[in-house]
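Novice: fold the following and give me the result.
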Amino acid sequence: MLQSKTFVKKTKAGRVQKVVREHYLRDDIPCGAASCSTCGAVEHPLSADAAAILVVDTNVVLHQIDLLENPAIDDVVLLSVVLDEVKNKNLAVFNRIKALCSNKARRFFVFTNEHHRDTYVKEMVGESPNDRNDRAIRVATRWYQSHLGENVKVLLITNDRDNKRKATEEGINAETVESYVRSLAQPGLLDLVVVSTSGDVTMEDVEDLRPSKKKVIYNEHKPMSEITAGLRCGIYHQGKLRVNRYNPFEAYVGSESIGDEIVIRGRSNMNRAFDGDIVAVELLPQDQWHESKSFIADDDEDEEDDVHLAPNNADDAPRKANPTQSTVTSSADSVSSRPVGLVVGVIKRNWNSYCGSLEPMPMPAGSGGVAHALFVSKDRRIPKIRIQTRQLGNLLDKRIIVAVDSWDVLSRYPSGHYVVLIENDINTRPFSTQVLACLPPLPWTLSPEDLANPNRQDLRHVRVFSVDPPDGSNKYAKCNFDLQWLWHIRSISIYTDIADVTNFVHPGTPLDEEAAQRGTSVYLVGQRIDMLPKPLTEDVCSLRADVERLAFSVIWEMTPHADIISTRYTKSVIKSCAAMSYVEAQARMDDSRLVDPLTVDLRNLNSLAKIMRHRRCERGALTLASAEVKFEIDSETHDPLDIGIYQIREANQMIEEFMLAANISVAEKILKHFPLCSLLRRHPSPTKEMLEPLLRTASSVGLNLDVSSSKALAESLDNAKAVYFCSGDLTFSEYYHYGLAASLYTHFTSPIRRYADVIVHRLLAAALDIAKLPPLFQDGPQLTGVADNLNYRHRNAQMASRASVELHTHIYFKTRPTDTEARIVKIKANGFIVFVPKFGIEGPIYLTPKGDKGGDWVVDEVHQRITKPGTSISYAVLQTVMIHMEVVEPQPHRPKLQLTLI
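Specialist: Next comes the predicted model:
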């Protein structure tokens, strides 16, 4: 059956064109129900004994995705009209619901109602697109009920009051999200239900009648039409809001329109904006641009001070546009040269799921009722979040994840809902039987088919070896190297062999879907949460000594001066002659008595790596890295016995150089063949305002830094994050990796622990014509969604790793109060921030009682010094001080490491 769609569109030249599109309708599209005897069988049918088949509308998917991902919700029909709407409104949610639909362990079925003859609906005259789609959802639900008969209950789930009313009038079973969840008799599920703020359907029994809710606390955000007009005429200024990590009541918005950074002071002026939001800002009158002291916020101001690992980036924005001016901040009436403003609207939200705990509170009377609680994020830049829960006793004193739903002008805090007890949204569940069924039989051995494969080169005759961390954790790429001097052409052959993980992880399988969802392995103290099952990570894809393994190789011909003559890529078979730790490889290179071929290869590779490293730094690569804390763990109690800083050796740097070179070479190859769908990694250049704290600190100790390029900033720290992206989403100039000073970069060398590398292996195989490009790469938005998930998972893995280190740091110091040296790294009005080199820890030192915003101390911002008038007592940035470290517990079950000046 053929239908036609007719519409008009305006061309770039201004002409109006009539467009007619054919729309084919069929009657053989299956319904997906196992109980249906009419339709053909489908691969993953809805259950034959389901209590009800659920049809959900667009808003339910958009706002209740956390609930839908819970295993208690199954036998769900996703209509194509709903998926199309979700894709247009929120790509991240679309990718999550698509993952549910493709998950063989769940029963989510996609029904293409827009192409079924009995469920397709035409838009009526005067009908809005939204009303037409709601009608299409009701028509499809009614068809399901009629098609499956009275023995199967079909239920429309909607929180839209008007849609529910019309469905009831049309004889369709319809329920709100909450009423359906209540019928499941699982009270914990109600915590996942997002409270509606649209005014359509209100949640039952959760109305907040406290007096504080009746007062307007924040200004309404301006409508987007007004914001757009205001930006165009210069009334408003757009930029990303960055909240001060040490004072969450102060934020900064970098504005290109005025070429400076706008200071936002106080939560009322932040106007419900979160750190990372793209906001519109209106400048206050210039007589209100008063300078304010920079201080460390304390516990009494809604946020807890925190001692933590030294950050990987700068956190504070500058206090002055011109660091050469004298700025002793002793008067609140002095006029600042930096503009001050307030947020009038949020252009793009940066709401995420946040890890933290509930604020201690007494248990409410009775049991099973709704309790209102305040969630405190571990990230002190995030305001407290109000949640409603029916399992308060289970959540108190626990680490939980909370997602933000809304922030009303009448509420002091945003509203959210409890998601999971898993810290940092890390999947710690065992691999399912479906995933494990995808693994090759063990023990795995090389097959004749592997050797006969014309696309796989036999390199078993080549002398290769691997260098890894001492614990064999595969945290760093497991690379094999061979070095052959070919004297007749004065060149060197170097083989970098990476485990051929994609030979065992095939696209679209449960194993691949699980790896894509996890995104990365997570490294905790004494524990590793794998992206792939251990039979792969510790056996089949582990490049062990004297064992034949499959690899993907990058082969260079180099001159003795480390200039690349040519690059070749191939799948291969290798047999490593040695597997060494960094310590063992370094010991071999340092022992002058050893002259065996393996040791000579190591030394020659190290010589080349030094040349490559020097050349990279000359191009402007940054060489700073944060201190990595190392623990010695008791094998029985798993408590830390000792703590120190991980030592970086030349062997580490040697491996790093060849990994970077391999990643760059592969990036060039895949982009050449797939310019629109390559997965690359970029590192944006830092903005001026990100660098000014560093300039101010350097100036205070007599250093004059040139930050005009990354080369000029090779010994400086920047605040931009490296991220994955799809090459088709950006222009070539935006591909640049600032930290490595590389025009192109990707991740290829660690497919065992990073799914990004798995994708890149598939791209490289397709570029070499030895494998077909999976369908994922033909779908730009879906590939962008994969990149977004990889960035999200990578960030969460870093947070989890740091949280694990902080936990073990607390355990270590709980019984070991310590006096040690520290360096002052930031000056504040009421104290300073110190870095403890021995332990890699950073935290605040208070000079005044908490709550005192500076007392009689005077801060000199230019020279980064704080002085007590009338005395000789002063402290300056980079000054060494003696501090006392001990664990205190100001609130039950919330220990923290406290630093005090000796």
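Novice: report the contact partners of Val76.
Specialist: Each residue near Val76 by CB atoms under 8 Å, 6 or more residues apart in numbering is listed here: Ile53, Leu54, Val55, Val56, Leu68, Arg107, Phe108, Phe109. All C-beta atoms are positioned from the backbone trio N, CA, C, and that covers glycine.
Novice: inside strands: which ones of those?
Specialist: Secondary structure from DSSP state E places Ile53, Leu54, Val55, Val56, Phe108, Phe109 of the contacts of Val76 in strands.
Novice: residues contacting the second one?
Specialist: Meaning Leu54. Here Leu54 is in contact with Ile73, Asp75, Val76, Val77, Leu155, Ile157, Tyr180 (CB under 8 Å, 6+ apart).
Novice: give me the beta-bridge partners of the third one?
Specialist: Which is Val76. Leu54, Phe108 (DSSP bridges).
Novice: for it, give me the pLDDT.
Specialist: Val76 is assigned a pLDDT of 94 by the prediction.
Novice: and Asn791, what does it touch?
Specialist: Applying CB under 8 Å, 6+ apart, we find Asn791 in contact with Val723, Tyr724.
Novice: how about the strands in the stretch 651-800 of the chain?
Specialist: Ranges of strands in the stretch 651-800 of the chain, per DSSP state E, counting those that start in this stretch, are 679-682, 723-726.
Novice: just the CA trace of the last one, in PDB.
Specialist: It stands for strand 723-726. Provided in PDB are the C-alpha atoms of strand 723-726 (Å, rounded to 0.1, in the frame of the first residue of the first chain):
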ATOM      1  CA  VAL A 723      37.600  13.600  24.600                       C
ATOM      2  CA  TYR A 724      36.500  11.100  21.900                       C
ATOM      3  CA  PHE A 725      34.600  12.400  18.900                       C
ATOM      4  CA  CYS A 726      33.300  11.400  15.500                       C
END
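Novice: give me the residues contacting it.
Specialist: By CB under 8 Å, 6+ apart, strand 723-726 touches 676-683, 747, 756, 780, 783-784, 787, 790-791, 794.
Novice: what are the buried residues along it?
Specialist: Across strand 723-726, burial judged by 16 or more other CB atoms under 10 Å covers Val723, Tyr724, Phe725, Cys726.
Novice: count the neighbours of the residue nearest to Arg544 when sequence neighbours are not counted for me.
Specialist: Computed as CB to CB, 6 or more residues apart in numbering, the closest residue to Arg544 that is not its neighbour in sequence is Ala579, at 5.8 Å. Ala579 is flanked by 19 other residues according to other CB atoms under 10 Å.
Novice: and Ala579, how far is that from Val243?
Specialist: For Ala579, the distance to Val243 (CB to CB, to the nearest Å) stands at 46 Å.
Novice: again with Val55
Specialist: Separation of Val55 from Val243 (CB to CB) stands at 41 Å.
Novice: ok so, going back, could you identify the most distant pair in the contacts of Val76?
Specialist: The largest separation in the contacts of Val76, counting by CB to CB, is between Ile53 and Leu68 at 14.4 Å.
Novice: just to revisit the earlier point, most neighbours, which of the contacts of Val76?
Specialist: Val55 (30 neighbours).
Novice: centre-most residue in this protein?
Specialist: The chain has Tyr792 as the residue nearest its centroid, 2.1 Å off, counting by CA atoms, centre = their mean.
Novice: gap between that one and Ala92?
Specialist: Distance of Tyr792 to Ala92, given as CB to CB: 8 Å.
Novice: could you do Leu807 as well?
Specialist: Here the criterion is CB to CB. By it, Leu807 lies 29 Å from Ala92.
Novice: these two: which is more packed in?
Specialist: Per other CB under 10 Å, whichever of Leu807 and Ala92 has more neighbours is Leu807, with 16 against 12.
Novice: mind pulling up the pLDDT for the more buried one?
Specialist: Listed pLDDT for Leu807 reads 76.
Novice: count the neighbours of Leu679 for me.
Specialist: Residues lying near Leu679 (other CB under 10 Å) number 27.
Novice: next: Trp857.
Specialist: Residues contacting Trp857 under the criterion other CB under 10 Å number 22.
Novice: returning to that earlier point: out of the buried residues of strand 723-726, which one has the lowest pLDDT?
Specialist: Lowest pLDDT among the buried residues of strand 723-726: Val723, 87.
Novice: which strand residues bridge that residue?
Specialist: Arg682.
Novice: and it, how close does it get to Leu524?
Specialist: 23 Å.
Novice: quick check: domain ranges of the chain?
Specialist: If you go by the TED database, the domain ranges for the chain are 29-186, 353-419, 433-684+721-802, 817-901.
Novice: among those domains, which is nearest Ile811?
Specialist: domain 433-684+721-802 (5.8 Å).
Novice: what's the pLDDT at Leu717?
Specialist: As predicted, Leu717 sits at a pLDDT of 40.
Novice: Ser493 is in what secondary structure piece?
Specialist: Under the criterion of DSSP states H and E, Ser493 resides in strand 491-499.
Novice: and that strand, what other elements does it pack with?
Specialist: strand 479-486, strand 548-558, strand 564-575, helix 597-619, helix 650-673 (3 or more CB pairs under 8 Å, 6 or more residues apart in numbering; DSSP states H and E).
Novice: list the buried ones in whatever helix or strand comes next after it?
Specialist: Proceeding N to C from strand 491-499, the next assigned helix or strand is helix 510-518, under DSSP H and E. By neighbour count on 16+ other CB under 10 Å, the buried set for helix 510-518 is Pro510, Leu511, Asp512, Glu513, Glu514, Ala515, Ala516, Arg518.
Novice: packing partners for helix 510-518?
Specialist: Using 3+ CB pairs under 8 Å, 6+ apart, the elements in contact with helix 510-518 are helix 91-102, helix 433-436, helix 755-767, helix 780-814.
Novice: one more time with 7 Å
Specialist: In terms of contacts (3 or more CB pairs under 7 Å, 6 or more residues apart in numbering; DSSP states H and E), helix 510-518 is packed against helix 433-436, helix 755-767.
Novice: now those helices as a markdown table including distance to Ser357, mean neighbour count and mean pLDDT?
Specialist: As requested, the helices and strands packed on helix 510-518 are exported to a markdown table (distance: least, CB to CB, whole Å; neighbours: other CB atoms under 10 Å; pLDDT from 0 to 100):
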| stretch | distance to Ser357 | mean neighbour count | mean pLDDT |
| --- | --- | --- | --- |
| helix 433-436 | 32 | 14 | 89 |
| helix 755-767 | 30 | 24 | 96 |
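Novice: which of those helices sits closest to Arg138?
Specialist: Comparing those by CB to CB, helix 433-436 comes nearest, at 35.0 Å.
Novice: now do the buried residues in the helix or strand just after the closest one.
Specialist: Next helix or strand after helix 433-436 toward the C-terminus (DSSP H and E): helix 448-452. Of the residues in helix 448-452, Asp450 count as buried by neighbour count, 16+ other CB under 10 Å.
Novice: what mean pLDDT does helix 448-452 get?
Specialist: The average pLDDT for helix 448-452 rounds to 91.
Novice: how far out from the middle of the chain is that helix?
Specialist: Remark: helix 448-452 is offset 40 Å from the chain centroid, using CA atoms, centre = their mean, to the nearest Å.
Novice: ok, now stretch 502-511?
Specialist: Centroid displacement of stretch 502-511 relative to its chain, using CA atoms, centre = their mean, is 23 Å.
Novice: what of stretch 764-782?
Specialist: In terms of CA atoms, centre = their mean, the centre of stretch 764-782 is found 24 Å from the chain centre.
Novice: fine by me, we can end here.
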